[in-house]
Every structure is written in structure tokens, then in C-alpha cells.
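Q: just to be clear, the model below is a prediction. Sequence and coordinates:
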Amino acid sequence: MEAIRRRTVGVIIFALAILWLKKFHGRNRRQRRWCLLDRIPGQIRNMNELVGMSDEACKDMLRMDRTAFSRLCILLQDLGGLRNSKYVNVQEKVAIFLSILTHHTKNRSIKFQFKRSGQTVSKHFHSVLQSVLKLHSIFLVQPEPVPDDSEDPKWQNFKGCLGALDETYIDVHVPTVDQARYRNRKGQTSVNVLGVCDMNMRFMYVLSGWERRGQLQILGCSVMQFLALTD
């Protein structure tokens with residue numbers, strides 16, 4: 001009789017523990033779900049402030065007006081293969097991408113502004129980047145020499161030239177073992193990027209990845225790459 005009583009008490013205690021665990025986990029799921037839903041008004045409000053209010057606000061934040069932003073989204077969607085995901089549409093992906101590029105904003109600041117996780121920001125930044133790279137033939141113009149009858153005071157003495165080139169340093173994050181090679185004279189880790197523009201300041205050629213090299217070395221490398229491609 002005593003054994004039966006003990007077994008019954010044990011079953012009751014076990015059943016009560018199971019009910020408590022179910023109630024506790026169910027409440028946590030509801031709280032997490034509410035946190036996700038609570039972000040949606042802020043996400044909609046942020047996108048409306050960026051591209052829905054005025055061209056001036058859009059230019060200040062994304063460096064282009066709303067018409068240019070819409071055209072860019074269409075290009076990336078139709079030709080670059082960019083698609084809406086389950087929770088983030090194409091417009092918000094492109095806005096995240098442009099906000100990082102135009103203001104050199106960190107992941108932590110962007111995730112706070114767009115009410116997204118850092119993983120989501122990083123994932124969609126790289127997806128937009130891949131779509132942009134697919135459209136290099138559209139975004140990078142074909143080189144045309146300066147005409148002989150050019151009257152532009154900046155270019156009339158450079159007839160037959162394709163454009164102007166210059167280099168700049170862009171900050172990067174590299175592994176600790178490689179930081180010494182990428183350390184510039186200001187103490188920052190960066191790569192040396194060579195860019196070539198035409199008469200209308202449109203990029204025709206970009207070479208990146210060099211660490212602390214001179215302009216002549218980078219130019220020589222670009223010439224060798226061009227000769228290798230044309231062989």
C-alpha cells in the first residue's frame with residue numbers, strides 16, 4: 001500500500017512539472033514573437049523616412065533621389081537577380097547597402113537604424129553586392145578617347161586620352177598576421193585602390209587589393225593584367 005501511494009505521488013509531481021514547463025516555454029515563445037512583431041512599425045517608418053517623404057531626404061541618406069533609387073532597385077531585381085526574401089524586400093536591401101557605402105556606417109549602427117539583426121544586415125549587404133557585380137557592364141562605361149575637337153579646358157590638351165587615373169586608400173579589416181603589410185603611414189589597415197574615370201567622371205576601370213604600393217607599381221600591374229586579357 002505504501003509503495004502504491006509513493007508511486008502515485010511521483011506521477012502527480014511529474015505531471016505538474018510537465019505542465020509548468022509547457023506553460024513557461026509557451027510564454028517565452030509568445031514574448032519572442034511579440035518582440036519580432038514590435039519591430040515592424042519601426043522598420044516601416046524608417047523606410048518611409050528614407051525613400052517615401054522627399055527627394056532631399058533620400059539624397060541626404062542614400063546619395064540619390066527617389067527616382068534613381070527606384071531605377072536601381074528595378075535593375076538589380078530584373079538583371080542582377082536580387083529577390084525579395086521572406087522578411088526583407090528589395091528596396092530595404094538596397095537601402096541597407098547604400099547606407100553602409102555612402103556613410104561608411106558600421107554594422108551595429110545599421111542594425112539599430114533598420115531594426116534588423118547584424119546577421120541580417122551582413123547577409124543582405126552581400127546579396128546586393130553580388131547583384132551589383134553582375135551589372136558591371138552597365139555601371140562601368142566603355143572607354144572613349146578625348147576627341148580632337150574637344151573645347152573642354154580640362155581635357156583639350158589630352159586629345160586621344162581615355163581618362164584620368166588616381167589612387168586612394170580604403171580602410172579594410174584583415175587577419176592579424178597580415179596587418180603589418182596593410183598598415184599605411186597613418187597607422188590604419190587599408191588597401192590601395194586605383195581608379196580611372198572618363199571626361200564625365202564615370203568609372204571605367206578599378207583595381208583594388210594592393211597593400212602600401214606606389215602608383216607606378218599598381219599601374220604596371222594593371223597594364224600587365226590588360227595585356228594578359230587581350231592575348
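A: All right, it came through fine. Numbering: from 1, shown residues only.

Q: so the closest residue to F125 other than its chain neighbours: helix, strand or coil?
A: Using C-beta to C-beta, 6 or more residues apart in numbering and skipping the chain neighbours, the partner closest in space to F125 is F97 (5.5 Å). C-beta: built from backbone N, CA, C; applies to glycine. Following DSSP: H, G, I helix; E, B strand; the rest coil, the label given to F97 is helix.

Q: next one: F97 from S131, what distance?
A: Distance from F97 to S131, counting by C-beta to C-beta, to the nearest Å: 9 Å.

Q: these two: which has the busier surroundings?
A: F97 (24 against 21; other C-beta atoms under 10 Å).

Q: ok, the more buried one - contacts?
A: Neighbouring residues of F97 by C-beta atoms under 8 Å, 6 or more residues apart in numbering: 124-125, 128-129, 132.

Q: one more pass at 7 Å, please.
A: With contacts defined as C-beta atoms under 7 Å, 6 or more residues apart in numbering, F97 is in contact with 125, 128-129.

Q: neighbour-wise, which one of the residues you listed leads?
A: Busiest of these [other C-beta under 10 Å] is V128, holding 23 neighbours.

Q: how about the helices of this protein, start to end?
A: With helices called from DSSP state H, the chain shows them at 2-51, 55-62, 66-78, 90-103, 107-114, 118-134, 136-139, 215-230.

Q: least confident of these, on average?
A: Looking over the helices of the chain, mean pLDDT reaches its minimum on helix 215-230, with a mean of 56.

Q: and stretch 56-67, what's buried?
A: For stretch 56-67, a neighbour-count test (16 or more other C-beta atoms under 10 Å) marks 57-58, 61-62, 64-66 as buried.

Q: straight-line length of that stretch, end to end?
A: Counting by C-alpha to C-alpha, to the nearest Å, you get 12 Å between the two ends of stretch 56-67.
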